[in-house]
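> build me a structure from this.
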Amino acid sequence: MNRLKVVVVDDSALIRSLLTEIINQSSDMTVVGVAADPYAAREVIRNTNPDVITLDIEMPKMDGLDFLEKLMRLRPTPVLMISTLTERSSDATLKALELGAIDYIAKPKLDIARGMEAFADEIRDKLRTVAKATVKARVMDVTPKHTADSILPSIKGKMLSTEKLILVGSSTGGTEALREFLVPMPPDSPAILVTQHMPEMFTKSFAQRLNGLCRIEVKEAEHGERVMPGHAYIAPGHSHMLLARSGANYVIELNQGPPVNRHRPSVDVLFRSGANIAGPNVVGVILTGMGKDGAVGMLEMKQAGAYNFAQDEASCVVFGMPKEAIALGGADEIVPLSKMTERVLTYLSKYGKLNRV
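Numbers count the residues shown, from 1 in each chain. Coordinates of the predicted model:
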């Protein structure tokens, strides 16, 4: 069996040692090199040709983000970010995902040795997933944030219903997929509820970052708030997000119940609430992600009259959740990410009026 070749890049000798020990404990992976800074990493990567790299953000000589940008442009390689879970580092981690990192894991802030050991299984699982991810060379000719809207095909017909809802679920690779999906949304789009698997420290920063890019308002969801058109609500990392009703209005309900499919927030929870509350007024979207969270819920929404879209394999970072949703029969259409917004809006322009609340 070919063992997964891992390079560890971190300025902390303790973290390098702990990660090496954790990775080498598994029979299907091995550390082929370590580096304390990006310049040393460049030589190690060149000499070892790793399958996956673990990368710290804050390092001497060149920070991890600058190194990541160069790596993805010149030698695209699957990267798992290892960062401290702070407000400042959450912004940097989101930036790393924009630059092409596949996933991230939080360093413990206290008792590092014991904390890293507690994450050992998760680290190894994520390395296996990240190593299989589709990584493409990053094109650094960055388009200004709102001009991407102008290159989308025009949508024929006027959206006839503001009562429609779009429910979205995503996981690994989802932060960038959500950006591509949400940025082209028009200001009068139906309300969008998003469950992205993400720790609670990241969700508010993630929502704020998207809000600066989108024409709709993007925010971290709050318990009891009314669901409004032209808004996207990101489930906070500490709660399940459910669609609920208050009189004639849709509202958001946050629930601190146990994780579902090992996740809180869970996509299955959001989708089931959509099936229960809004049925045929829902358009479901499932994007890139590991595992099967959302597959059962998407089928329940379809059985309740919703119309659902799944991201196709070629454009997924990890073709897990969409694959499971398709296999269960919950998806009506399988669509490349680059066409997802267009297809959803086209469907709504055709059928929105028929499904008023």
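> and the strands in this protein, which stretches?
For the chain, strands defined by DSSP state E occupy the ranges 4-9, 29-35, 52-56, 79-84, 103-107, 165-170, 191-196, 217-220, 231-234, 240-246, 249-255, 282-286, 307-311, 333-335.
> just checking, residue 231 touches residue 216?
Yes: judged on C-beta atoms under 8 Å, residue 231 makes contact with residue 216 at a distance of 6.2 Å. In this view, the C-beta of every residue, glycine as well, is placed from N, C-alpha and C.
> for those two, list the residues in contact with both.
Each of residue 192 lies in contact with both residue 231 and residue 216 under the rule C-beta atoms under 8 Å, 6 or more residues apart in numbering.
> dump the strands of the chain to CSV, plus mean neighbour count.
CSV is the format used below for the strands of the chain (neighbours: other C-beta atoms under 10 Å):
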stretch, mean neighbour count
strand 4-9, 24
strand 29-35, 19
strand 52-56, 26
strand 79-84, 23
strand 103-107, 22
strand 165-170, 27
strand 191-196, 26
strand 217-220, 18
strand 231-234, 24
strand 240-246, 20
strand 249-255, 17
strand 282-286, 28
strand 307-311, 25
strand 333-335, 16
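> which among these is found nearest to residue 295?
strand 282-286 (7.7 Å; C-beta to C-beta).
> if we can go back for a sec, of the strands of the chain, which approaches residue 131 most closely?
Using C-beta to C-beta, the strands of the chain put strand 52-56 closest to residue 131, at 4.2 Å.
> contact partners of that closest one?
Residues contacting strand 52-56 (C-beta under 8 Å, 6+ apart): 4-12, 15, 19, 41, 45, 64, 67-68, 71, 77-83, 96, 101, 127, 130-131.
> circling back to that earlier point, would you format the strands of the chain as JSON lines with mean pLDDT included?
Below are the strands of the chain laid out as JSON lines (pLDDT from 0 to 100):
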{"stretch": "strand 4-9", "mean pLDDT": "94"}
{"stretch": "strand 29-35", "mean pLDDT": "94"}
{"stretch": "strand 52-56", "mean pLDDT": "92"}
{"stretch": "strand 79-84", "mean pLDDT": "84"}
{"stretch": "strand 103-107", "mean pLDDT": "82"}
{"stretch": "strand 165-170", "mean pLDDT": "97"}
{"stretch": "strand 191-196", "mean pLDDT": "97"}
{"stretch": "strand 217-220", "mean pLDDT": "97"}
{"stretch": "strand 231-234", "mean pLDDT": "98"}
{"stretch": "strand 240-246", "mean pLDDT": "92"}
{"stretch": "strand 249-255", "mean pLDDT": "93"}
{"stretch": "strand 282-286", "mean pLDDT": "97"}
{"stretch": "strand 307-311", "mean pLDDT": "98"}
{"stretch": "strand 333-335", "mean pLDDT": "97"}
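> mind checking which of the ones you listed is nearest residue 204?
Minimum separation from residue 204 across the strands of the chain (C-beta to C-beta) falls at strand 217-220, 4.7 Å.
> can you give me the distance of the residue nearest to residue 11 when sequence neighbours are not counted to residue 80?
Ranked by C-beta to C-beta, 6 or more residues apart in numbering and with sequence neighbours excluded, the top spatial neighbour of residue 11 is residue 59, at 4.5 Å. Separation of residue 59 from residue 80 (C-beta to C-beta, to the nearest Å): 15 Å.
> and residue 120, by the same measure?
When C-beta to C-beta is the yardstick, residue 120 and residue 80 sit 14 Å from each other.
> residue 182 now?
25 Å.
> equivalent analysis for residue 174, please.
15 Å.
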